[in-house]
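Engineer: my questions concern the predicted model and sequence given below.
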Amino acid sequence: MEIIRTVSQMQAAAEKMRKRGRKIALVPTMGFLHKGHLSLMRRALGLADTLVVSLFVNPVQFGPNEDLDQYPRDFEQDVVLARQTGVNILFAPEKDSLYPDGFDTYVVQEKLPVHLCGLCRPEHFRGVLTIVAKLFNIVKPHVAVFGEKDFQQLAVIRRMVADLNFDIDIVGHAIVREDDGLAMSSRNANLDGDGRKSARVLSGSLRSAAKMVADGEARAGTVIKKATVMILAESGTKIDYVNICAPDTLDDLDVIDRPALMAVAVKIGGVRLIDNIMLEPGQKNV
């Protein structure tokens, strides 16, 4: 596995691979790799000849009072895991390489970000779209794989790719969970013992909601209320949002008469976690 640190070296390597007719897959990450990341990588390996994994904690997507400094990092372990998984290139640039002095251009989207996490983190998706657009221009991938745990992120990236005519296939990959149902996230490492136990309520509340809808409950407000009660019953929980919305627009739904996205964001001991599930009316096998 090759480790590349500069933009110019990564662009040169990508151009060389493209001239050789090699198909490039990209998996963008902020590091502190876990089994969820590795699942994305294995998916990408099946889609291309060369896998590039980016590793960069993007400061532009963190607000002034968020957890940039606390975001977990372990570069040496990330290198080991990436190499074991079969990554061809680990692109790990320094901040100044991506955001040099005078940087003043950002990608802004109008509609999809003004929902869910975008209401709590108003600058977040500007940062996400900017870094992803930069990575697309640097790595020059034919395909990029993103996790469905960050459903809104996947949606805004797909919209950007369509709107700005990026010639890249965007592949969403299913949520990878711990044995107890908690969605895998680098931030899980910041939970203490009690917080880790409380965090199980995110997936538990979503599963309960899915069963309610499968059994015939169509009132979004009723489903949201039940999930809210479940979450707040756990110690140390603070809800950012519990929403049921249309998967394509992320607009809130009052009636669940078609497949709907239920998404939650909860702070537990100061650690912000997100999760989601698709609600399927009449699906009795939930």
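Structural biologist: In hand now; what should we look at?
Engineer: my guess is M17 contacts T50, does it?
Structural biologist: Yes. Using Cβ atoms under 8 Å, M17 makes contact with T50 at a distance of 5.5 Å. Quick note: C-beta positions are derived from backbone N, CA and C, even for glycine.
Engineer: which residues are common contacts for these two?
Structural biologist: By Cβ atoms under 8 Å, 6 or more residues apart in numbering, M17 and T50 have these common neighbours: I24.
Engineer: neighbours around R159, how many?
Structural biologist: Residues near R159, counting by other Cβ atoms under 10 Å, number 18.
Engineer: is it in a helix, a strand, or coil?
Structural biologist: Following DSSP: H, G, I helix; E, B strand; the rest coil, R159 is assigned to helix.
Engineer: can you pull the contacts of the nearest residue to it once chain neighbours are set aside?
Structural biologist: With Cβ to Cβ, 6 or more residues apart in numbering as the criterion, R159 has its nearest non-adjacent residue at 5.7 Å, and that residue is L112. Counting by Cβ under 8 Å, 6+ apart, L112 touches G118, F125, Q152, A155, V156, R159, T249, L250.
Engineer: from the residues you listed, which would you call buried?
Structural biologist: G118, F125, Q152, A155, V156, R159, L250 (16 or more other Cβ atoms under 10 Å).
Engineer: which one of those is nearest D179?
Structural biologist: Distance to D179 across these (Cβ to Cβ) is lowest for Q152, with 26.2 Å.
Engineer: the closest one: what's its closest spatial neighbour, skipping adjacent residues?
Structural biologist: Nearest to Q152 is L116, by Cβ to Cβ, 6+ apart, at 5.0 Å.
Engineer: so what's that neighbour up against?
Structural biologist: By Cβ under 8 Å, 6+ apart, the residues touching L116 are Q152, Y241, N243, C245, L250, A263, A265.
Engineer: now, which of those residues lie within helices?
Structural biologist: Q152 (DSSP state H).
Engineer: dump the contacts of L116 to TSV, plus pLDDT and distance to G31.
Structural biologist: Compiled in TSV, these are given as follows (pLDDT from 0 to 100; distance: Cβ to Cβ, whole Å):
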residue	pLDDT	distance to G31
Q152	98	21
Y241	98	26
N243	98	29
C245	98	30
L250	98	28
A263	98	24
A265	98	22
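Engineer: now distance to I224 too, for the contacts of L116, in JSON lines please.
Structural biologist: Conversion of the contacts of L116 to JSON lines gives the following (distance: Cβ to Cβ, whole Å):
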{"residue": "Q152", "distance to I224": "17"}
{"residue": "Y241", "distance to I224": "10"}
{"residue": "N243", "distance to I224": "7"}
{"residue": "C245", "distance to I224": "11"}
{"residue": "L250", "distance to I224": "15"}
{"residue": "A263", "distance to I224": "11"}
{"residue": "A265", "distance to I224": "13"}
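Engineer: ok, of the contacts of L116, which one's closest to G193?
Structural biologist: Using Cβ to Cβ, A265 comes nearest to G193 of these, at 22.0 Å.
Engineer: who are the contact partners of the closest one?
Structural biologist: L116, C117, C120, I239, D240, Y241, R272, L273, I274.
Engineer: and the helices in the protein?
Structural biologist: Here the chain has its helices, by DSSP H, at 7-19, 35-45, 75-85, 95-98, 117-120, 124-139, 151-163, 193-198, 200-214, 220-232.
Engineer: nearest to V108, out of these?
Structural biologist: V108 lies closest, by Cβ to Cβ, to one member of these: helix 124-139, at 5.4 Å.
Engineer: show me how far the closest one is from its chain's centre.
Structural biologist: In terms of Cα atoms, centre = their mean, to the nearest Å, the centre of helix 124-139 is found 13 Å from the chain centre.
Engineer: what of stretch 225-242?
Structural biologist: Worked out by Cα atoms, centre = their mean, stretch 225-242 lies 22 Å from the chain centre.
Engineer: cool, stretch 91-110 as well?
Structural biologist: Chain-centre distance of stretch 91-110: 19 Å, with Cα atoms, centre = their mean.
Engineer: return the set of buried residues in that stretch.
Structural biologist: Going by neighbour count (16+ other Cβ under 10 Å), the buried part of stretch 91-110 is F91, A92, P93, S97, L98, Y99, V107, Q109.
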